[in-house]
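Visitor: Could you look at this predicted model? Sequence included:
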Amino acid sequence: EQIEKGGYDHFMMKEIYEQPNVIKDTYRGRLNANKGIVQMAGIEDNIEKFLNAERILIVACGTSWHAGLVAEYVIEEFARIPVEVEYASEFRYRNPIINKKDVVIAISQSGETADTMAAIKLAKENGAFVFGVCNVVGSSISRESHAGAYTHAGPEIGVASTKAFTTQITVLTMLALRLAKAKGTLSNSDYHRYLMELEIIPEKVKEVLSTNDITKEIALKFKDSTNCLYLGRGYNFPVALEGALKLKEISYIHAEGYPAAEMKHGPIALIDEQMPVIVIAPKQGHYDKIVSNIQEIKSRSGKIIAVVTKGDTQVRELSDYVIEIPETSDALSPLITTIPLQLLSYHIAVLRGCNVDQPRNLAKSVTVE
Ligand code: G6P
């Protein structure tokens with residue numbers, strides 16, 4: 001097992017560090033920024049289904065559901081197709097409206113999650129076209145789907161999902177770009193810019209991984225917290241949810257992810273000097289709005305840990321700790337901003353003596369209801 005961990009103490013850390021490479025594996029042969037190409041066999045063969053779709057329904061559980069939320073933002077923004085994202089377990093039991101012109105995207109790392117599988121079956125019975133985004137090749141969900149795209153992240157052993165999440169986002173962003181190209185919903189220059197940016201994301205992920213030491217120091221300060229709040233807006237709202245889930249899963253600290261502006265409708269009541277608030281505040285995307293959210297936290301003495309773009313001064317001044325990330329456009333930022341949150345959860349869990357790779361009560365793949 002030590003050999004399998006490749007020199008890391010835990011599979012989770014190994015998998016976090018694999019992200020620059022596996023994101024490349026995910027887009028290899030599918031993305032060529034110089035030639036302006038993004039294509040995936042499962043989409044090319046079925047492009048009409050997507051272009052004729054009145055809406056896209058995304059079904060998933062856990063971390064994969066968070067990837068679905070990011071996909072909602074990116075598909076709607078790039079391809080202008082309405083998207084709804086549902087927990088598979090809710091969808092399957094609520095007698096949902098499903099039309100023949102719906103495309104259902106099922107996202108699942110394992111490809112074996114029982115609720116997601118049941119949601120797919122229901123969608124198929126109602127005539128929808130089902131597209132699977134799975135990591136495990138030949139898994140039940142990939143076989144049950146009409147078509148799909150694999151994430152190529154390689155085996156994920158750590159129960160807390162890391163590289164599966166970023167590669168799911170990579171596939172779904174490529175899907176959004178492919179549909180945008182077909183529909184002409186992005187300008188030529190934006191389309192090419194996003195392709196270029198996606199191609200260099202692995203380098204940026206590598207750069208963020210070098211913040212590991214700072215993140216570890218921050219973890220030392222907050223390892224004994226009992227609660228934690230994660231805030232983000234727009235594309236980084238799902239990242240806030242995922243950051244909170246990661247912390248809960250492996251450190252057993254209660255954590256909540258919230259859209260930053262919603263904070264004033266509840267969670268703000270929890271903020272005092274004991275409360276660490278992790279704010280995802282990159283320069284691109286609602287920056288001024290998030291700065292005022294940070295001011296609201298500061299005036300209530302909350303401890304602010306901010307994820308900021310390199311060179312940021314405004315948020316830095318207001319924050320107790322900052323983690324710097326390279327600049328990237330708003331739509332691609334989840335691939336970058338999620339990394340320090342993975343590292344933070346990891347270090348806090350290790351410092352608390354938790355079993356990082358196999359947290360209590362959790363299973364890697366939930367094959368029963
Ligand atoms: C379990 C795992 C999570 C995962 C979720 C969905 O709860 O512990 O990490 O996100 O199932 O799994 P799937 O394989 O469908 O992505």
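Guide: Yep, it's here.

Visitor: tell me which element Y258 is part of?
Guide: Using DSSP states H and E, Y258 maps to strand 254-259.

Visitor: What's the first helix or strand after that strand?
Guide: Following strand 254-259 in sequence, per DSSP H and E, is strand 276-281.

Visitor: send the alpha carbons of that next one over as CSV?
Guide: The C-alpha trace of strand 276-281 is given here as CSV (Å, rounded to 0.1, in the frame of the first residue of the first chain):
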residue,chain,number,x,y,z
PRO,A,276,-13.5,30.7,10.7
VAL,A,277,-15.0,31.9,7.5
ILE,A,278,-13.4,30.7,4.3
VAL,A,279,-14.1,33.1,1.5
ILE,A,280,-13.4,32.4,-2.1
ALA,A,281,-12.7,35.8,-3.5
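
Visitor: Run through who's touching it.
Guide: Contact partners of strand 276-281, identified using CB atoms under 8 Å, 6 or more residues apart in numbering, comprise 222, 225, 227-232, 236, 239-240, 243, 260, 271, 287, 290-291, 293-294, 297, 302-308, 312, 315, 319, 337, 341, 344. In short, each C-beta sits where N, CA and C put it, glycine included.

Visitor: Among the residues you listed, which lie within helices?
Guide: Residues of the contacts of strand 276-281 located in helices (DSSP state H): 222, 236, 239-240, 243, 287, 290-291, 293-294, 297, 315, 337, 341, 344.

Visitor: for the ligand, what are the nearby residues on the stretch 1-150 of the chain?
Guide: Counting by CB under 6 Å from any ligand atom, the residues of the stretch 1-150 of the chain close to the ligand are 61-64, 108-110, 113, 116.

Visitor: These, buried ones only, as a ChimeraX selection?
Guide: To isolate the buried subset of these in ChimeraX, counting by 16 or more other CB atoms under 10 Å, use the following:
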select :61,62,63,64,108,109,110,113,116
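
Visitor: and the residues of the stretch 1-150 of the chain next to the ligand, which of them are in helices?
Guide: Filtering those for helices - DSSP H - leaves 62-64, 116.

Visitor: Next, the contact list for the residue in the stretch 1-150 of the chain positioned nearest to the ligand, please.
Guide: The stretch 1-150 of the chain approaches the ligand most closely through G62 (2.8 Å), counting by CB to the nearest ligand atom. For G62, the contact set (CB under 8 Å, 6+ apart) comprises 161, 245.

Visitor: quick one on the thing from earlier: quick check, nearest of the residues of the stretch 1-150 of the chain next to the ligand to G132?
Guide: S108 (7.3 Å; CB to CB).

Visitor: close enough to count as contact, that closest one and E144?
Guide: No: with contact defined as CB atoms under 8 Å, S108 does not count as touching E144 (10.5 Å).

Visitor: shared neighbours of these two, anything?
Guide: With CB under 8 Å, 6+ apart, S108 and E144 have common neighbours G132.

Visitor: Pretty sure E84 sits against L57.
Guide: Yes: at 5.2 Å, E84 and L57 qualify as touching, with contact defined as CB under 8 Å.

Visitor: Looking only at neighbour counts, state which of those two leads.
Guide: Taking neighbours as other CB atoms under 10 Å, E84 and L57 compare with L57 leading, 25 against 15.

Visitor: Buried residues, the strand holding Y258. List them.
Guide: So strand 254-259, judged by 16+ other CB under 10 Å, has buried residues 255-259.

Visitor: next one: stretch 280-298
Guide: Quick answer for stretch 280-298 (16+ other CB under 10 Å): 280-283, 285-287, 290-291, 293-294, 297-298.

Visitor: before we move on, what about stretch 85-94?
Guide: Applying 16+ other CB under 10 Å to stretch 85-94 flags 85-89, 91-92 as buried.

Visitor: Next step: these restricted to strands.
Guide: With strands taken from DSSP state E, the overlap with these comprises 85-87.
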